[in-house]
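S.K.: mind looking at a prediction? Sequence and model below.
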Amino acid sequence: MDDLYQGLKVMVIDDSKTIRRTAETLLKKVGCDVITASDGFEALSKIADTQPDIIFVDIMMPRLDGYQTTALIKNNKVFKTTPVVMLSSKDGLFDRARGRIVGSEQYLTKPFTKEELLGAIKDLVNE
């Protein structure tokens, strides 16, 4: 069991209940504290309250999409160093590039595996 994940606060922002539940289950199994939000607006208020260590954000969401949400997180001086991983059901170069532009550190294609999810956290949380 990797201690890296123990007590780590991970936020998962996705409008799909299935994705939120899947990620939450996988992350809780390794000891993470999981905060979920169904869209960018809900996420932004929760980020301020919970101060997550890493944030996974879906690109395609109603109201505030993943790019806008990431840009808002990265424009906030308190959270600009918080790693953000974009989640997308398409594996497109354009999406990856656009994610980088708004400041995301990584990109995962859905459906992701447990290894991909934990690997992204390991890469970004290990200083």
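M.R.: Nice, I can see it. Numbering: from 1, shown residues only.
S.K.: hang on, residue 87 in a helix?
M.R.: No: read with DSSP: H, G, I helix; E, B strand; the rest coil, residue 87 is strand and lies in no helix.
S.K.: tell me the contacts of it?
M.R.: Taking C-beta atoms under 8 Å, 6 or more residues apart in numbering, we find residue 87 in contact with 14, 19, 56-59, 66, 108-110, 112. In this view, the C-beta of every residue, glycine as well, is placed from N, C-alpha and C.
S.K.: ok, 7 Å please
M.R.: 14, 56-59, 108, 110 (C-beta atoms under 7 Å, 6 or more residues apart in numbering).
S.K.: for residue 34, same thing?
M.R.: 10, 12, 24, 27-28.
S.K.: now do residue 47: how many residues are near it, please.
M.R.: Neighbour count for residue 47, taken as other C-beta atoms under 10 Å: 22.
S.K.: quick one, phi/psi of the residue nearest to the spatial centre of the chain?
M.R.: Nearest to the mean C-alpha position of the chain, by C-alpha atoms, centre = their mean, lies residue 56 at 0.7 Å. Note on residue 56: its backbone torsions stand at phi -100, psi 130 [degrees, to the nearest 10].
S.K.: before we move on, what about the one 10 residues further on?
M.R.: In terms of degrees, to the nearest 10, the main-chain angles of residue 66 are phi -60, psi -40.
S.K.: hmm, residue 89 and it touching each other?
M.R.: No: with contact defined as C-beta atoms under 7 Å, residue 66 does not count as touching residue 89 (11.4 Å).
S.K.: higher neighbour count, those two?
M.R.: Higher neighbour count among residue 66 and residue 89: residue 66, with 27 against 13, using other C-beta under 10 Å.
S.K.: that older thread, which one among the contacts of residue 87 gets closest to residue 46?
M.R.: residue 57 (12.1 Å; C-beta to C-beta).
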